[in-house]
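Peer 1: Any chance you can model this:
(one chain, ligands or ions: 1)
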Amino acid sequence: MRILPIYFPASDAEVAKGDVTSAHIEAEVKHYLTLLKARMKRAGDALDPTDENKLEATLETYLGAKFNSMTSEASEWAASPWKERLEELWDSRAGSAVTWMERLREHHETVYRCPSCGLLRDLAQEGGDRMPVDHYLPRSAWPELAIVATNLVPSCDTCNTRLKKTQAPGPGEGRLFLHPYFDHFITGIELLAKIDIPAGASAPRFEYSVAGKALAPEQESVMSEHFRLLNLDKRYCFRATQESLATVRSETRRRVAAGDWTTPGDLSKWLAGHAETVLDAKGALNWETAITRAFANSQDFAAWLFNAAKPFPVTNP
Ligand SMILES: [Zn+2]
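Peer 2: Sure, this is the predicted structure:
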């Protein structure tokens, strides 16, 4: 999971740490209305001043990062004849909306990790060269936000298409997913990994969980829902077994075979250094950091791994 800088195609301004200023909000609202008006003009239509004012107000609410209230009630545009017209902007394959989308996608081209799960995108599986964009608030319920840059967040196929889909909270419910531009409180989230070594098992079992440091109840709730709905425990456990465990296992086999390590204590020392290296490279809120830290903190794990790495005794006849 990570916070991305916000990109406002209207001004090409990249805002470090996602600070939304009134100038950015103004720029995006202006850009949005230009696209909508151009689209309507081509259809021989014009934007009514009352609708224009209402749209401006809706967008400002969203862009001002006050989108909490919007997730608890359906947008008035979703039930209006405007729904199709607003969705059309997204579906449109001609005109400035497409150029704008291309620029947004180009901007996200260097995003290799999905900001929702923190996993590297799988190009082979996703069959594309770019991270897809997801509507943070689904366009079925909020058609007016279909082409708003801050509502279009990069997301891997698994998070977006397979797990999040169009899930949105019902009336009176809190948000379900963290927003990669706005939710800076994720720096106060701790990702923890636990190791369990059942007697006689051929491999340890892992379990991931999230904990918040001094978070507000609304923040705690969106953090837990995000973790649960995106199936992050299972997805991280799979990677931890396939990648992190495999790495420390092969290193241990090599060092034990070479005679460098003669006790589980030698291995523990190395695991502590390894955890530091991973923390430096990947940061604190990362599945790999969490599991390598758990490796380093568990004497049971070191004992298990050391024994598993020992060559089979050669018995002389
Ligand atoms: Zn993802």
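
Peer 1: all contacts plus neighbour counts: C-alpha atoms, from now on.
Peer 2: Will do.

Peer 1: Now do the host helix or strand of D300, average pLDDT.
Peer 2: Per DSSP states H and E: D300 is located in helix 299-309. The average pLDDT for helix 299-309 rounds to 94.

Peer 1: Name the residues of that helix that are buried.
Peer 2: For helix 299-309, the neighbour count (16 or more other C-alpha atoms under 10 Å) marks 301-307, 309 as buried.

Peer 1: and the ion, which of those contact it?
Peer 2: Among those, no residue lies close to the ion (C-alpha under 5 Å from the ion).

Peer 1: quick one: which of those residues is nearest to the ion?
Peer 2: F301 (29.0 Å; C-alpha to the ion).

Peer 1: Can you name the residues that contact that closest one?
Peer 2: Residues in contact with F301 (C-alpha atoms under 8 Å, 6 or more residues apart in numbering) are 195, 197, 204, 295.

Peer 1: thinking the third one is in contact with C237, fair?
Peer 2: No. Using C-alpha atoms under 8 Å as the test, P204 is too far from C237 to be in contact (10.7 Å).

Peer 1: circling back to that earlier point, could I get the contacts of F301 as a markdown table with secondary structure?
Peer 2: Converted to a markdown table, the contacts of F301 look like this (DSSP: H, G, I helix; E, B strand; the rest coil):
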| residue | secondary structure |
| --- | --- |
| I195 | strand |
| I197 | coil |
| P204 | coil |
| F295 | helix |
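
Peer 1: farthest-separated two in those?
Peer 2: I197 and F295 (11.8 Å; C-alpha to C-alpha).

Peer 1: For these two, indicate the residue with more neighbours.
Peer 2: F295 (25 against 14; other C-alpha atoms under 10 Å).

Peer 1: Relative to the ion, how far out is the more buried one?
Peer 2: Using C-alpha to the ion, to the nearest Å, F295 is found at 25 Å from the ion.

Peer 1: and that residue, what is it in contact with?
Peer 2: 195, 271, 301-302.

Peer 1: how distant is stretch 215-224 from the center of its chain?
Peer 2: 16 Å (C-alpha atoms, centre = their mean, to the nearest Å).

Peer 1: need the strands for the protein, in chain order.
Peer 2: 6-8, 13-15, 133-135, 152-154, 189-196, 205-212 (DSSP state E).

Peer 1: can you give me the mean pLDDT across stretch 151-164?
Peer 2: On average, stretch 151-164 scores 86.

Peer 1: what comes up buried for that stretch?
Peer 2: Buried, per 16+ other C-alpha under 10 Å, within stretch 151-164: 151-160, 164.

Peer 1: the domain parsing of the protein - what is it?
Peer 2: 6-169, 185-309 (automatic domain parsing).

Peer 1: which one of the ones you listed lies closest to H179?
Peer 2: domain 6-169 (7.2 Å).

Peer 1: Run the contact check for that closest one versus the ion.
Peer 2: Yes. For domain 6-169, a contact with the ion is found by C-alpha under 5 Å from the ion, at 114, 116-117, 156, 159.

Peer 1: how far is that domain from where the chain is centred?
Peer 2: Distance, centroid of domain 6-169 to centroid of chain: 17 Å (C-alpha atoms, centre = their mean).

Peer 1: And for stretch 234-247?
Peer 2: Taking mean C-alpha positions (C-alpha atoms, centre = their mean), stretch 234-247 and its chain are 18 Å apart.

Peer 1: can you tell me the distance between the two ends of that stretch?
Peer 2: 19 Å (C-alpha to C-alpha, to the nearest Å).

Peer 1: Flag every buried residue along it.
Peer 2: Of the residues in stretch 234-247, those buried (16+ other C-alpha under 10 Å) are 236-237, 239-241, 244-245.

Peer 1: Quickly check: it near the ion or not.
Peer 2: No. Applying C-alpha under 5 Å from the ion, one finds stretch 234-247 separated from the ion by no less than 9.8 Å.

Peer 1: quick one: contacts of that stretch?
Peer 2: Contacts for stretch 234-247 (C-alpha under 8 Å, 6+ apart): 206-208, 287-288, 291-292.

Peer 1: on that earlier part again, comparing the strands of the chain by mean pLDDT, which bottoms out?
Peer 2: strand 13-15 (a mean of 50).

Peer 1: isn't E73 right up against G174?
Peer 2: No. The pair E73 / G174 is not scored as a contact, 10.5 Å apart, by C-alpha under 8 Å.

Peer 1: so where do the helices sit in the protein?
Peer 2: 22-42, 49-63, 68-71, 82-91, 96-107, 123-126, 157, 217-229, 232-239, 246-258, 264-282, 287-297, 299-309 (DSSP state H).
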